[in-house]
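> pasting the structure only:
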């Protein structure tokens, strides 16, 4: 499966026209082929052990590999899209970290207030 992972993660799949990669955690790598939004076929990529076989299958299925400036432009666009997605994920993670920090501070403040109230009550009892 290292060949499939490399093919997908290194962006080689997107070197072909009209190919989009969507990662689904915990699922096998499946190539789903559509024509006019109608699913035609699914190919389980986990059976492939080297990238040359994957590339040959892509051509056999009718996918055309981009070249030259078209390929370079597609790679730039993919890099930009990836950077934007990474920035969005980081912003979301930062927001979650901030919310957790705020909740922790609120809990600590409530605990301090409870402790102060308990101590004040204990002093009053003396």
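Nice, I can see it. This structure is a prediction, so every number in the text was calculated from the model and none was measured.

> Need phi/psi at the residue most central in space within the chain.
Centroid-nearest residue in the chain: residue 23, 6.4 Å away (criterion: C-alpha atoms, centre = their mean). Backbone torsions of residue 23, given as degrees, to the nearest 10, read phi -90, psi 130.

> Return the distance of the residue lying closest to it once chain neighbours are set aside relative to residue 62.
Nearest residue to residue 23, sequence neighbours excluded (C-beta to C-beta, 6 or more residues apart in numbering): residue 8, at 7.7 Å. The way it works is simple: take the backbone N, C-alpha and C, and place the C-beta from them, glycine included. Per C-beta to C-beta, to the nearest Å, residue 8 is found 19 Å from residue 62.

> so where do the strands sit in the protein?
Shown for the chain, the strands assigned by DSSP state E span residues 30-35, 38-44.

> Give me whichever of the ones you listed is most buried.
strand 30-35 (a mean of 13; mean count of other C-beta atoms under 10 Å).

> what about that one, average pLDDT?
Mean per-residue pLDDT for strand 30-35: 92.

> Same check on stretch 114-123?
Mean per-residue pLDDT for stretch 114-123: 88.

> what's the longest helix in the protein?
The single longest helix within the chain, with elements called by DSSP state H, is helix 68-125.

> re the thing from before, got a markdown table for the strands of the chain, with distance to residue 89 too?
Output for the strands of the chain, formatted as a markdown table (distance: least, C-beta to C-beta, whole Å):
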| stretch | distance to residue 89 |
| --- | --- |
| strand 30-35 | 24 |
| strand 38-44 | 28 |
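
> related to what we said a few turns ago, pull the number of nearby residues for the residue nearest to residue 23.
Here the number of neighbours of residue 8 (other C-beta atoms under 10 Å) works out to 17.

> Pretty sure it sits against residue 21.
Yes - if you go by C-beta atoms under 8 Å, residue 8 and residue 21 touch, sitting 5.6 Å apart.

> what are the phi and psi values for residue 12?
Backbone torsions for residue 12, taken as degrees, to the nearest 10, come to phi -70, psi -30.

> swap in residue 28?
Per degrees, to the nearest 10, the backbone of residue 28 is at phi -70, psi 150.
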